[in-house]
Structure formats: C-alpha cells, structure tokens
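Enquirer: no FASTA, just this:
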C-alpha cells in the first residue's frame with residue numbers, strides 16, 4: 001500500500017483497533033488458481049506474536065484455503081471509513097483554484113502465512129468466539145450450544161479454520177494532513193454536513 005509518511009499509522013494499538021473495528025475483512029492469496037479473495041469475519045488475538053494473530057475459517061468448498069495450506073502468503077485488508085473529498089470543500093479554491101478532487105480513507109493491511117486446521121474442537125472454539133463477539137449486545141444472544149450437537153458437528157465438517165500470525169502490518173490514515181489548517185477544517189465541515197453516513201464517519205475521524 002502506497003503510504004506517504006504523514007499518512008502512516010505506526011501505533012500498534014491503533015492498527016489493532018482498526019482491525020477489530022472492521023467487521024468483514026478481505027483475505028487475498030495467490031496460488032495455483034491465480035489471485036483469490038474471500039470476505040471473512042476474523043478474530044484478533046493480540047497476545048500471540050509481536051503483531052497479533054488472526055483467526056478465521058473458510059467454507060471447505062472454497063478452494064482458497066488450499067493456498068494457505070500450501071504456504072502462500074496472505075494479504076488481509078481491513079477497510080475503514082472513506083469519503084470523496086470535493087475541491088469545493090477547500091477555502092483555497094477561492095484563492096487560487098489549484099485544487100482537485102481526492103479521497104480520504106483509513107485502511108490497514110496485514111501480511112502473513114497461516115496454519116490451516118480442521119480439528120473439530122478447535123473449530124468449535126473458533127466459531128463460538130466469533131458468534132459470541134457478533135451476538136454481543138443482543139437482548140437474547142444466540143450461542144453455538146443452542147443448536148443440536150449433531151447439527152453443529154456436521155457444520156464443522158464443512159469448514160476449514162486458520163490461524164495467521166501477522167508478520168507485517170501497514171496502516172494508512174489519509175485525512176487531508178497534506179492540506180493547510182483552513183482546508184482541513186473545510187473538508188471536515190463539508191463531510192459532517194453531508195447526509196451520507198459514510199461521509200459523517202470520516203468527518204468524525206478528522207476531529
């Protein structure tokens with residue numbers, strides 16, 4: 001990911017925060033079938049490895065897990081808030097007109113090689129943890145144990161889990177840091193006034 005130094009996220013806690021805040025990541029590999037990508041909910045364990053370890057699972061019918069099994073490096077993309085930035089947001093437009101559109105966004109890329117596993121107990125622990133995370137806050141949260149044991153046993157046979165120690169992390173926070181203070185304020189105010197919730201989320205990050 002092209003990341004000028006003034007856009008780089010170097011703080012590990014902030015990188016982990018973005019990972020946790022991304023509900024659906026994109027895992028990309030290159031193997032015998034070329035480039036493949038899957039959209040997956042993942043768990044982060046910060047206590048395993050210097051950068052943490054990611055956990056997730058594929059449908060067994062998804063051939064991408066074989067790339068991991070064969071030792072392919074994976075790129076996992078965690079996309080955050082993003083917004084189109086109109087030149088009309090910049091006060092400097094009225095001064096000299098030398099402005100063009102751009103895009104502000106936050107993203108984290110994680111790289112590593114994964115261990116693939118099919119052990120039923122380990123898979124049950126993984127899917128239970130994923131379920132508990134995303135059911136949290138519901139009045140009556142569903143748990144894996146709520147389903148019949150034989151049914152869950154059959155479902156576990158249909159997935160393949162993986163643990164991916166993060167070997168390299170890159171983060172980018174492009175929030176108009178390359179503009180002067182007046183232009184930054186103009187972008188923040190322009191996005192905050194937008195009816196689009198994505199624009200508003202990006203404006204919130206610029207505060």
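Expert: Sure, I can see it. Nothing here was measured: the structure is a model prediction, and the numbers come from that model. Numbers count the residues shown, from 1 in each chain.

Enquirer: show me the contacts for the residue nearest the centre of the chain.
Expert: Closest residue to the average C-alpha location of the chain: residue 78 at 1.8 Å, with Cα atoms, centre = their mean. The contact partners of residue 78, taken as Cβ atoms under 8 Å, 6 or more residues apart in numbering, are 18, 19, 21, 22, 25, 107, 108, 109, 110. (C-beta placed from N, C-alpha, C; glycine too.)

Enquirer: Is it possible to mark the buried ones in the residues you listed?
Expert: 18, 19, 22, 25, 107, 108, 109, 110 (16 or more other Cβ atoms under 10 Å).

Enquirer: Low-confidence stretches in this structure?
Expert: By pLDDT under 70, the chain contains no weakly predicted segment.

Enquirer: Run through the helices of it in chain order.
Expert: 12-21, 65-69, 92-96, 120-135, 149-156, 181-192, 197-205 (DSSP state H).

Enquirer: right, so those: which one is the most enclosed?
Expert: Most buried of the helices of the chain, by mean neighbour count (mean count of other Cβ atoms under 10 Å): helix 65-69, with a mean of 21.

Enquirer: Quick one: residues in contact with it.
Expert: By Cβ under 8 Å, 6+ apart, helix 65-69 touches 29-33, 36, 58, 74, 113-114, 116, 160, 162, 164.

Enquirer: can you pull the contacts of the closest residue to residue 158 other than its chain neighbours?
Expert: Leaving aside its chain neighbours, residue 158 sits nearest to residue 60 (5.3 Å; criterion: Cβ to Cβ, 6 or more residues apart in numbering). Contacts for residue 60 (Cβ under 8 Å, 6+ apart) come out as 157, 158, 159, 160.

Enquirer: are any of those buried, and which?
Expert: 159, 160.

Enquirer: What about the contacts of residue 60, which are in strands?
Expert: 159, 160 (DSSP state E).

Enquirer: To residue 41, which of the helices of the chain lies closest?
Expert: helix 120-135 (5.9 Å; Cβ to Cβ).

Enquirer: circling back: out of the helices of the chain, which is closest to residue 170?
Expert: Across the helices of the chain, closest to residue 170 is helix 12-21 (Cβ to Cβ), at 8.5 Å.

Enquirer: Now tell me what touches that closest one from outside.
Expert: Contacts of helix 12-21 (Cβ under 8 Å, 6+ apart): 9, 25, 42, 44, 46, 51-52, 54, 78, 80, 106-108, 110, 169, 171.

Enquirer: returning to what we had before: filter the contacts of helix 65-69 down to the buried ones.
Expert: Applying 16+ other Cβ under 10 Å to the contacts of helix 65-69 flags 29, 31, 36, 58, 74, 114, 116, 160, 162, 164 as buried.

Enquirer: Which of those residues fall in strands?
Expert: Using DSSP E, the subset of the buried ones among the contacts of helix 65-69 located in strands is 29, 31, 36, 58, 74, 116, 160, 162, 164.

Enquirer: Just give me the neighbour total for the residue lying closest to the third one once chain neighbours are set aside.
Expert: It refers to residue 36. What sits nearest to residue 36 in space, not counting adjacent residues and going by Cβ to Cβ, 6+ apart, is residue 64, at 4.4 Å. Close neighbours of residue 64, defined as other Cβ atoms under 10 Å, add up to 22.
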